[in-house]
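Colleague: with the input below, show me the fold.
(2 chains)
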Amino acid sequence: MIEFTPRKIQSSFWTILSPIISITITILIGSLIFKILSYPVIESLYQVFVSPFSRPDRIADIFVKACPLIIIGLGLIFCFKANIWNIGAEGQFILGALCAGSFALLFPETKTYTLLFSMFLIGFVGGAIWASIPAILKVRLNVNEILVSLMLVYVAMLFIDFVVRGPLRDPMSFGFPLSKVYPDGAIISKVDFPFIGFLGQFHYGIFIILILCPFIWFFINKTLPGFQIKIFGSSTRASEFAGFNKNKITFYVLLVSGGLSGVAGVIEVSANMGRLQPEVSFGYGFTAIIVAFLGRLNPYGVVIAGIIIATAKLGADNAQMVLGIPKVVTGIFEGMLLFFLLAGETIQKYKISIRKDN
Amino acid sequence: MENLLITILLTSIPILLAGLGELVTEKSGVLNLGVEGMMLCGAVAALGSVLIFGNPYIGILFGAIAGILISTVFSFFTITLMTNQVATGLGLTIFATALTGLIGEPFVGKTAASLPKLEIIFLSDIPYIGKILFSNDILVYFAIFLIFFIHFGFQNTKIGIIIRAVGDNHDSAHSIGYSVKLVRWISTSFGGMCAGMGGAYIPLALTPHWSEGMTAGKGWIALALVVFSSWMPIRLLIGALIFGGITILQFVAQARGWDVPSQFLNMLPYLATILALALISLKLRHNNYAPACLGKHFLGNK
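Modeller: Residues are numbered from 1 along each chain as shown, chains lettered A, B, ... in the order given. So this is what the prediction gives:
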């Protein structure tokens, strides 16, 4: 019989080791899956994990792909640290993009920087409002936030679909469900590197991570509200005795997380699409959950995790083109990775020994 | 009118089956958020086996087996390795959505044989209700049987009471000698089987061809219904029928040419779920029917 004894001291070394072990096991089982599906194993792994690094513009595109994942993941840190399960980031992302996009299309004459700045603000508010629905229901009526936030993903998808087919459809789009192209001031431009020029789709929006990441690290580790969130998540009872306001914490972590998802949506659409369309997110909100866990709920960890997952996503695109491996394979890898990361948490928390029965 | 009622009943079957399974799982103290994923596994297994063997009954069998198999992944991680149940359930859905997408790809564009209707002699001739209640396929009868089976099981059988004991106080159940982990493994597998059959029902009776993620949130709605039903099987039936009705409303509205954008009609089941959860929480504010150990780990050392 397997016996679990809680550890008194949890090894911090394991915090770094466990993601590495999890990735290794995932790759091993992944190879097995490739083998079973009779794809060449080494070539498949090369396409998924190495080919995205093969050219400078491809490397730049890793950051482009990682950008929304990291920003959403950074927001999810707040929720998951507080043990609040926001799994509707996908919907908050869509709402952020939709609100900011509508503003840009309705007021195209606004001055360039004012317009972009307002869009960020509106995107944040849009995402936060969408997240405030599960937040209010949770705080007021103790309704399960998991189910409400997820249901709102479907609602958001249908809503943006309605908007781009209806009120905001470009009359010149030949019947395609697309909005008008954003005014120039609403577009986040690509970075023109000195001596090199443009690299892939690398855009200025990515730099926001350089500000967000240290800021969130500081907030969580060095401020009182950050401390309250951590205590609330790890021991609700202790935080109640300390007099922390349970409802306030629940409400604000959801709001911040939703707001950041909204900002991610604004950047994604303004930098890469330049107009609204029925599909603005490609599962970023769900993948970001894996990113947050892989990054061990540490802001810097989330950045690294975002880059790793983005690499695999781009690699999967390449693998599909070169070897015909269906792209959905990445989802299988993501699911497995999450399982092993969670199992790693058990090993961190408990000493496992095998006891002979009698 | 008769046809409409039959359609509502049929539409509610996948949610009902999956919800009944999840109800048993949760009664034992396990919160499996992977219902959506397990339903997809059931759907793809059912469709694939029907395309190979040509017999829709084999499809039910394979759907059930697929549901059990995928639920054992969840049980292994959450019950044996004690991982976080919420995150593992999410992982299960992400994993299963991708896996079924991969497996289902060759089935795109192929049509599976549907479950035949079994008319019960004499009863199906009863005016008005006969056609609605007694002229259906086997899974409808099974689902209705399951409601009463689970209801009486929890009230009157030893196994049912053991499951409830494990879900309400695992330490006490353990101290009088029941294997908490074994009971939870079995209950979770039962939940997997029902979700698998619920998923199987979609290609076998509702839309006979594969599309990626074809459950479209039904697994999540089933989870919400379990909360809505306050863990009571008969209320689950009422909830499932309401959702069947709301889903059908879209088609009625389209057929009648109501001037409402289809997207808003499609939102209704999801909005109704949120509303239902809010209303039930309002009502049950001070009286929580949830199993006391729902979502809690059992160490099992003592």
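
Colleague: show me what counts as buried in stretch B:92-106.
Modeller: Residues of stretch B:92-106 classed as buried: B:92-104 (neighbour count, 16 or more other Cβ atoms under 10 Å in any protein chain shown). Every C-beta, even on glycine, is put in place using the N, C-alpha and C of the backbone.

Colleague: show me which residues of the stretch 151-300 of chain A are close to chain B?
Modeller: A:151-152, A:154-155, A:158-159, A:161-162, A:165-166, A:286, A:289-290, A:293 (Cβ under 8 Å from any Cβ of the partner chain).

Colleague: please repeat the previous calculation with a cut-off of 7 Å.
Modeller: The stretch 151-300 of chain A comes close to chain B at residues A:151, A:154-155, A:158-159, A:161-162, A:166, A:286, A:289, A:293, as judged by Cβ under 7 Å from any Cβ of the partner chain.

Colleague: tell me where the chain is predicted with low confidence.
Modeller: With no chain named, the answer covers chain A. Residue ranges of chain A with pLDDT under 70: A:1, A:356-358.

Colleague: my question was about chain B
Modeller: The model of chain B has pLDDT under 70 over residues B:123-124, B:130, B:285-288, B:300-302.

Colleague: drop anything exposed from the residues of the stretch 151-300 of chain A next to chain B.
Modeller: A:151, A:154-155, A:158-159, A:161-162, A:286, A:289, A:293.

Colleague: just those now: which is nearest B:L241?
Modeller: B:L241 has its nearest neighbour among those in A:M151, at 19.1 Å by Cβ to Cβ.

Colleague: name the element the closest one belongs to?
Modeller: Using DSSP states H and E, A:M151 sits in helix A:145-165.

Colleague: that older thread, report the two of the residues of the stretch 151-300 of chain A next to chain B separated the most.
Modeller: Across these, the two lying at the largest distance from each other (Cβ to Cβ) are A:G166 and A:F293, at 37.8 Å.

Colleague: and the buried ones among the residues of the stretch 151-300 of chain A next to chain B, which is closest to A:T15?
Modeller: For those, the closest approach to A:T15 (Cβ to Cβ) belongs to A:F293, at 12.1 Å.

Colleague: the residue lying closest to A:P183 once chain neighbours are set aside: how many residues sit nearby?
Modeller: Excluding the flanking residues, the one nearest A:P183 by Cβ to Cβ, 6 or more residues apart in numbering or on different chains is A:P108, at 3.6 Å. If you count neighbours by other Cβ atoms under 10 Å in any protein chain shown, A:P108 ends up with 15.

Colleague: surely A:P108 is in contact with A:V181?
Modeller: No: using Cβ atoms under 7 Å, A:P108 is not in contact with A:V181, being 10.0 Å away.

Colleague: for B:T100, give its distance to B:I58.
Modeller: Distance from B:T100 to B:I58, counting by Cβ to Cβ, to the nearest Å: 18 Å.

Colleague: ok, B:L99 next?
Modeller: For B:L99, the distance to B:I58 - Cβ to Cβ - is 21 Å.

Colleague: do A:A186 as well
Modeller: Going from A:A186 to B:I58 by Cβ to Cβ gives 56 Å.

Colleague: more neighbours, the two?
Modeller: A:A186 (25 against 14).

Colleague: show the contacting residues for the residue lying closest to the more buried one once chain neighbours are set aside.
Modeller: Spatial nearest neighbour of A:A186, chain neighbours left out: A:A104 (3.7 Å); criterion: Cβ to Cβ, 6+ apart. By Cβ atoms under 7 Å, 6 or more residues apart in numbering or on different chains, the contact set of A:A104 is A:115, A:119, A:182-183, A:186.

Colleague: please enumerate residues in contact with stretch B:121-133?
Modeller: By Cβ under 7 Å, 6+ apart, the residues outside stretch B:121-133 that reach it are B:2, B:5-6, B:9, B:134-135.

Colleague: pull out the buried members of these.
Modeller: Here, 16+ other Cβ under 10 Å leaves B:5-6, B:9, B:134-135 buried among those.

Colleague: just the closest of the residues you listed to chain A, please.
Modeller: Set against chain A, the nearest of the buried ones among the contacts of stretch B:121-133 by Cβ to the nearest Cβ is B:L9 (23.4 Å).

Colleague: element containing that closest one?
Modeller: Going by DSSP H and E, B:L9 is in helix B:2-27.

Colleague: next: A:G200.
Modeller: Element membership for A:G200 (DSSP H and E) is strand A:197-203.

Colleague: the strand or helix carrying B:M267 vs chain A: in contact?
Modeller: Assigned by DSSP H and E, B:M267 belongs to helix B:262-283. Yes: against chain A, helix B:262-283 shows contacts by Cβ under 7 Å from any Cβ at B:263-264, B:266-267, B:270-271, B:273-274, B:277-278, B:281-282.

Colleague: how about the secondary structure of B:G245?
Modeller: helix (DSSP: H, G, I helix; E, B strand; the rest coil).

Colleague: chain A versus B:A143, what's the distance?
Modeller: Look at B:A143 and chain A: by Cβ to the nearest Cβ, to the nearest Å, they are 22 Å apart.

Colleague: and what of B:G239?
Modeller: Using Cβ to the nearest Cβ, B:G239 is found at 13 Å from chain A.

Colleague: wait, that residue touches B:V226, no?
Modeller: No: B:G239 is beyond contact range of B:V226, at 8.8 Å (criterion: Cβ under 7 Å).

Colleague: which element follows the strand holding A:G200 toward the C-terminus?
Modeller: Downstream of strand A:197-203, the first helix or strand assigned by DSSP H and E is helix A:208-222.

Colleague: could you list the buried residues of that following helix?
Modeller: Using 16+ other Cβ under 10 Å as the test for burial, helix A:208-222 gives A:208-209, A:212-213, A:216-217, A:219-220.

Colleague: show me the helices in chain A, by range?
Modeller: Applying DSSP state H to chain A gives helices spanning A:12-36, A:41-45, A:56-81, A:89-106, A:112-141, A:145-165, A:208-222, A:224-234, A:236-241, A:246-268, A:284-294, A:299-323, A:329-349.

Colleague: deepest of those helices, which one?
Modeller: Comparing these by mean neighbour count (mean count of other Cβ atoms under 10 Å in any protein chain shown), helix A:89-106 comes out on top with a mean of 28.

Colleague: figure out how far it is from the centre of its chain.
Modeller: Centroid separation for helix A:89-106 versus its chain: 16 Å, with Cα atoms, centre = their mean, to the nearest Å.

Colleague: all strands of chain B, in order?
Modeller: Counting by DSSP state E, chain B has strands at residues B:118-119, B:135-136.

Colleague: kindly reformat these as CSV containing distance to chain A.
Modeller: Output for the strands of chain B, formatted as CSV (distance: least, Cβ to the nearest Cβ, whole Å):
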stretch, distance to chain A
strand B:118-119, 34
strand B:135-136, 29
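
Colleague: can you tell me which of those is most buried?
Modeller: The most buried one of those (mean count of other Cβ under 10 Å) is strand B:135-136, showing a mean of 20.

Colleague: ok, that one: who's next to it in the sheet?
Modeller: The partner list of strand B:135-136 in its sheet, established with DSSP bridges, is strand B:118-119 (antiparallel).

Colleague: what about the most centrally placed residue in chain A, distance to chain B?
Modeller: Centroid check for chain A by Cα atoms, centre = their mean gives A:A288 as the closest residue, at 2.6 Å. Distance from A:A288 to chain B, counting by Cβ to the nearest Cβ: 12 Å.

Colleague: of the buried ones among the contacts of stretch B:121-133, which is the nearest to B:R235?
Modeller: Checking these against B:R235 by Cβ to Cβ gives B:L9 as the nearest, at 16.6 Å.
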